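> have a look at this prediction, sequence included:
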Amino acid sequence: MLLHILPFVPGLIPSPAPSPPPAPIIASLRPPPVAPLPAPPPLTLPEQSKPAASPAKPPPEKRKPPEKPAAAKTWTQAVSQHLKKLNDAGQFYPPEAIARGLEGEVLVLIVIDESGHVSGARVEQGSGHVINTASASGLLAYGFDRLPYVASKHAIVGLSEALAGYLGPKGVGVTCLCPSGVITNIVEGITVYGETGSTPRAPAHPLATPEEVARLTADAVEAGQFLVVTAPEVHESLRKRANDIEAYVHAAIEAQS
């Protein structure tokens, strides 16, 4: 019942007092407080790994200067030393000779006695070629004023001929080079003893160049030829001497008088 009456008696119940308005909000922009910056961290580089220690290099070996060969006491030692020097310099088989197939080898039989000394040696089998250089004066005695020269060159020719007969059956060829005048500097090394007023006698043969002599010699080795001369006139003189040596010698005597 009371609920039905309340709408008609609003004054009977006091209404609450209104609440005061809220205070206005006042805002202002202010700069932020300046805070000190933190100190930067110390700059450090990363440690690099140390490379592995390489093994220590050995000190360079001290090369001993080449020992000079002892002075030869015998002629055989002198010949051996000279041949070794030529071999070390590559003068036995130069590249040109190897290219033309002019090299070879020799099998030598050496006989040793009970005390270990060599009592004998001989060539059993071999190949290759021996070249001995003599002179046209080793075939014909052109100059009586050069007796030692003529004698030594004749000895080379005789040695070569005998050597050809010995080594030929064993497969080793022999060529004897007997040139006339060759255009070289050999005259600069000649020592003259005794009278020097006259010019040494020599045959009137044309001069050859070293290249011509080399070509003739190489061709002779390939052909298995024994004698090599640089002047064809030598062959004619050899025939005259062989046909009548008495007439040949007397003609030489008359030519010198």
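Received, thanks. Only a predicted model underlies this, so the values are computations on that prediction, with no experimental measurement involved.
> can you report how many residues neighbour Ile25?
5 (other C-beta atoms under 10 Å). C-beta here means a position set from N, CA and C on the backbone, and glycine is covered the same way.
> sorry, that was for Phe226
14.
> tell me how far it lies from Gly138.
13 Å (C-beta to C-beta, to the nearest Å).
> repeat for Ala70
34 Å.
> tell me which of those two has more neighbours.
Between Ala70 and Gly138, Gly138 has the larger neighbour count (other C-beta under 10 Å), namely 23 against 8.
> residue contacts, that one?
150, 153-157, 176, 178 (C-beta atoms under 8 Å, 6 or more residues apart in numbering).
> just checking, what packs against the helix or strand where Glu161 lies?
Glu161 is part of helix 147-167, with elements assigned from DSSP states H and E. Counting contacts by 3 or more C-beta pairs under 8 Å, 6 or more residues apart in numbering; DSSP states H and E, helix 147-167 packs against strand 118-126, strand 129-133, strand 173-178.
> can you tell me which of the ones you listed is most buried?
Among these, strand 173-178 has the highest mean neighbour count (mean count of other C-beta atoms under 10 Å), at a mean of 22.
> which helices and strands does that one pack with?
Packing contacts for strand 173-178, counted by 3+ C-beta pairs under 8 Å, 6+ apart, involve strand 129-133, helix 147-167, helix 210-223, strand 227-229.
> check those for me and report the most buried one.
Mean neighbours per residue, mean count of other C-beta under 10 Å, is largest over the helices and strands packed on strand 173-178 for strand 227-229, with a mean of 19.
> what helices or strands is that one leaning on?
Using 3+ C-beta pairs under 8 Å, 6+ apart, the elements in contact with strand 227-229 are strand 173-178, helix 210-223.
> the longest one vs strand 129-133, what angle?
In this case it means helix 210-223. With axes from the mean of the first three to the mean of the last three C-alpha atoms, to 10 degrees defining the directions, helix 210-223 sits at 140 degrees from strand 129-133.
> you'd agree Leu107 is in a helix?
No. Leu107: not assigned to a helix; according to DSSP: H, G, I helix; E, B strand; the rest coil it is strand.
> surely it and Gly128 touch.
No. Using C-beta atoms under 8 Å, Leu107 makes no contact with Gly128, being 11.3 Å away.
> which of these two has more neighbours?
Using other C-beta under 10 Å as the criterion, Leu107 and Gly128 rank with Gly128 on top: 17 against 11.
> hmm, that one is touching Thr175, no?
No. Using C-beta under 8 Å, Gly128 is not in contact with Thr175, being 11.4 Å away.
> please enumerate the helices of this protein.
2-5, 75-88, 95-99, 147-167, 210-223, 233-243, 245-256 (DSSP state H).
> can I get those in a markdown table with distance to Ile186 and mean pLDDT?
Below are the helices of the chain laid out as a markdown table (distance: least, C-beta to C-beta, whole Å; pLDDT from 0 to 100):
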| stretch | distance to Ile186 | mean pLDDT |
| --- | --- | --- |
| helix 2-5 | 164 | 52 |
| helix 75-88 | 19 | 70 |
| helix 95-99 | 23 | 69 |
| helix 147-167 | 12 | 91 |
| helix 210-223 | 11 | 88 |
| helix 233-243 | 19 | 91 |
| helix 245-256 | 24 | 85 |
